[in-house]
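# Need the 3D shape of this:
(2 chains)
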Amino acid sequence: MNAQELLQIADDELILGWRDSEWTGIAPSLEEDVAFSSIAQNEIGHARALYELVSRELGTDADSLAFDRHPSEYMCAALVEQRRMDWAHAIARHFLYETADEIRLAALKQSDDGAVAGLAAKMDREEVYHRLHARMWNDRLQAEPRYEDALVELWPYALGVLAPNQRTALAKRVGREEVDAIERNGHSDELLELREEMTMVRRSVPGATW
Amino acid sequence: MIYEVFRQEKKGAAFAHAGSVSAPNMTFAEAFAHEQYGRRQESEALWVVPREAIREVHDFPDELHRTYHRVDGYSLKEKLRLARERAGTAADR
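So this is what the prediction gives:
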């Protein structure tokens, strides 16, 4: 497992965690607010653990990787960058991402690198509940045209989360035709805005120990 | 729908009422309870119960003051002391 591949996953988890946390305080019910915020926090926790693993190899630290890289160096998928303040889209993304992430984690758990495999197993134990949450919402919204539209729209983005050899498995799992994926190249303005906000406090006093 | 949540703090401990969650069905209730009452590792297990399933029983009249039905209604201590005196075992033990 090379550092770049791990960084892709770490960046996906950080940025999705950040996006999901935008629902804190405004989710459709208080219970959902707590649940979705807790999931968002877990994702950021996973990002942190992955950054720490990579930082040892790259001779840096997790915070520097998360906050100090140039925007063009972030390797997250286009799926997680989007700012979509619409519950149908938030759940469609959540469902597609968690399904993709399950496939990716299953592969990571088989890694020859013990540290990577161990961390993947730990993450997967928390992801079980993310998937449970995603599936129950998917079941509930399934018949809603607005939800289906969101799934259709986000599907090519979801395929881009995975390596090409894992995409057929995803298509099979969510019962959709494989289409051309939107790959991880270049970033939207939405990511630049997110990064501005995310690093605002840290940048306000460069080099400070917090 | 309201679901009542009971929380077990550690293995073997009795479940105690933790609070409630509002959810459209049992699947959601379980997921919500899991996040509300378990995300800080504060629970070993949860019971999630629809509020309607809980029957409240109250009103226990005691018009005749039958205090002997109550644990504190029948003091054994004094009787025991007298009995020991009679038996000569009241003792200095």
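# I'd assumed B:Ala29 was in contact with B:Val21.
Yes. Counting by CB atoms under 8 Å, B:Ala29 is a contact partner of B:Val21 at 5.7 Å. (C-beta placed from N, C-alpha, C; glycine too.)
# Now do the shared contacts for the two.
Counting by CB atoms under 8 Å, 6 or more residues apart in numbering or on different chains, the contacts common to B:Val21 and B:Ala29 are B:3, B:48.
# Would you mind writing the CA trace of the particular helix or strand that has B:Ala33 in it as CSV?
Per DSSP states H and E: B:Ala33 is located in helix B:26-38. The C-alpha coordinates for helix B:26-38 follow below in CSV (Å, rounded to 0.1, in the frame of the first residue of the first chain):
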residue,chain,number,x,y,z
MET,B,26,-37.8,0.2,15.0
THR,B,27,-34.8,0.2,12.6
PHE,B,28,-34.4,3.9,12.9
ALA,B,29,-35.0,3.8,16.6
GLU,B,30,-32.2,1.2,17.1
ALA,B,31,-29.8,3.3,14.9
PHE,B,32,-30.7,6.5,16.7
ALA,B,33,-30.4,4.9,20.2
HIS,B,34,-27.0,3.5,19.1
GLU,B,35,-25.7,7.0,18.4
GLN,B,36,-27.5,8.8,21.2
TYR,B,37,-26.6,6.4,24.0
GLY,B,38,-23.6,4.5,22.8
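# Give me the contact list for that helix.
A:31-32, A:34-35, A:38-39, A:129, A:132-133, A:136, A:139-140, B:1, B:3, B:5, B:7, B:18-19, B:21-23, B:43, B:46, B:48, B:50.
# Sort out for me which of those residues are in strands.
B:3, B:5, B:7, B:18-19, B:21-22, B:46, B:48, B:50 (DSSP state E).
# Specify the beta-bridge partners of the residue nearest to the spatial centre of chain B.
Among the residues of chain B, the one closest to the centroid is B:Ala16, at 7.2 Å (CA atoms, centre = their mean). In this structure, B:Ala16 bridges to B:Arg7 when assessed by DSSP bridges.
# mind checking how far the helix holding B:Ala33 is from the chain centre?
Relative to its chain's centre, helix B:26-38 lies at 23 Å (CA atoms, centre = their mean, to the nearest Å).
# Would you mark the buried spots in it?
For helix B:26-38, the neighbour count (16 or more other CB atoms under 10 Å in any protein chain shown) marks B:27-38 as buried.
# got any ranges where the chain has weak pLDDT?
Since you didn't name a chain, this refers to chain A. Where chain A drops to pLDDT under 70, the residues are A:1.
# try chain B instead
Short version for chain B, where the test is pLDDT under 70: B:90-93.
# are any of the contacts of helix B:26-38 buried, and which?
Applying 16+ other CB under 10 Å to the contacts of helix B:26-38 flags A:31-32, A:34-35, A:38-39, A:129, A:133, A:136, B:3, B:5, B:7, B:18, B:21, B:23, B:43, B:46, B:48 as buried.
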